[in-house]
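Q: Below is the structure, and that's it, no one-letter string:
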Ligand code: SF4
């Protein structure tokens, strides 16, 4: 049976974080109900069309997946469970907003088979959290303790370059989180783009890109020292805890995305759902894959090099035998390991440039 990964996008949020340009809509019970109806329909239509599959990984992200009520989770689970292999999926992640984490919700999700919690911490600093319009640090602490007690596999997100905070504040955040022994950390700087309102634009005007870069290099060094494997630009894991779901994206394997604004890549063809909850509820949930927006697709060679160089797997050295490779290595942006070119932390900071330098001159 064809292996497949599934991403479920739940686009509802209680309020807008000051940096958010991801597709989301305000939480509203009536719309959530209609969304779940459409989601269950979409799952049925898409799986019928793809044919026999065995789900490898499931990732429920948002937005805020924890807005869904129990009976709605059960409906979604009933829709996807027929595609689980006997031994269960390898990884079943739910993104959780610290404010919504309570022991009963987390126990319920575990009971459904969720085996990995991804917690959007962003910062443990009170000023930072205020700037981001996120919760109080105490709420973060409480959520961390609840998920840490209940899951063997826990990931925290940390944001770099938060305005009005300092590098020392980031160090304190990382120290505090490392004390909780997460299996995985995503540490990232955001770039402007997507749906930018005035407030988001103001936020990005206050972000200093040089500080983001400095904090990134510091974070890489702290996490390496703490035994975390830097396996992708923004992702760090204890050995054996790299995100299997995200690997599917980077390795170019098949995945189906359901929900508004979700993307899919199946058999080399890419699709996207419209970023509109109203269109989704009215129409998209019931349409065939072929009727979705087709990603125009860009330069395949460039995209595949970009995906490969995001990760520690890199690309084959012999496939890129050019001066550009030597220059990039001389610049300290890449190393060669076991015959493959892999970017250094400094190289990850200029990933796009490095890929262009490599790919424009070589037949990788
Ligand atoms: S950053 Fe995430 S939680 Fe915050 S508003 Fe955007 S989608 Fe919602």
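A: Nice, I can see it. If you're wondering where the values come from, they're calculated on a predicted model, not measured in any experiment.

Q: Looks like residue 217 contacts residue 346 (just checking).
A: Yes. At 7.0 Å, residue 217 counts as touching residue 346 under the criterion of Cβ atoms under 8 Å. Glycine gets a C-beta too; all of them are placed from N, C-alpha and C.

Q: Quick check: residue 164 is in a helix.
A: No. Residue 164 is assigned coil when assessed by DSSP: H, G, I helix; E, B strand; the rest coil, not a helix.

Q: Now do it: how many residues are near it, please.
A: Other residues near residue 164 number 12, with proximity taken as other Cβ atoms under 10 Å.

Q: The one 10 residues further on too?
A: The local packing of residue 174 (other Cβ under 10 Å) involves 21 other residues.

Q: Now it: closest residue in space, sequence neighbours ignored.
A: Closest residue in space to residue 174, ignoring its immediate chain neighbours: residue 222 at 5.5 Å, by Cβ to Cβ, 6 or more residues apart in numbering.

Q: and the one helix or strand that neighbour maps to, what other elements does it pack with?
A: Per DSSP states H and E, residue 222 falls inside helix 209-225. Using 3 or more Cβ pairs under 8 Å, 6 or more residues apart in numbering; DSSP states H and E as the contact test, the elements touching helix 209-225 are helix 167-178, strand 184-188, strand 229-232, helix 345-349.

Q: which residues are in contact with it?
A: Contact with helix 209-225 is made by 158, 160-161, 167, 170-171, 174, 178, 185, 187, 189, 230, 236, 345-346, 348-349, as judged by Cβ atoms under 8 Å, 6 or more residues apart in numbering.

Q: got the buried residues for it?
A: 211, 212, 213, 214, 215, 216, 218, 219, 220, 222, 223 (16 or more other Cβ atoms under 10 Å).

Q: Can you tell me which residues in this protein are near the ligand?
A: 13, 16, 17, 20, 22, 24, 62, 63, 64, 97 (Cβ under 6 Å from any ligand atom).

Q: Next, count neighbours for the fifth one.
A: A count of nearby residues for residue 22, using other Cβ under 10 Å, gives 18.

Q: In three-state terms, how would it be classified?
A: Once three-state DSSP is applied, residue 22 turns out coil.

Q: ok, now the second one?
A: The three-state label given to residue 16 by three-state DSSP is coil.

Q: Looking at residue 167 now. What's its pLDDT?
A: Residue 167 carries a pLDDT value of 95.

Q: quick one: contacts for it?
A: 211, 214, 215, 218.

Q: what does the model give the first one for pLDDT?
A: According to the per-residue confidence, residue 211 scores 95 in pLDDT.

Q: go on, the last one?
A: On pLDDT, residue 218 comes in at 97.

Q: likewise residue 325?
A: 87.

Q: how about it, what does it touch?
A: 317, 334, 341, 358, 362.

Q: cool, and residue 305?
A: Residue 305 neighbours (Cβ under 8 Å, 6+ apart): 315, 355, 358, 359, 364.

Q: what residue is smack in the middle of the protein?
A: In the chain, the residue lying closest to the centroid (Cα atoms, centre = their mean) is residue 246, at 7.0 Å.

Q: Wait, a helix at it?
A: Yes. Applying three-state DSSP, one finds residue 246 inside a helix.

Q: Take the residues of the chain next to the ligand and lay them out in TSV including distance to residue 51.
A: Shown next, in TSV, are the residues of the chain next to the ligand (distance: Cβ to Cβ, whole Å):
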residue	distance to residue 51
13	35
16	39
17	39
20	37
22	31
24	32
62	29
63	29
64	32
97	35
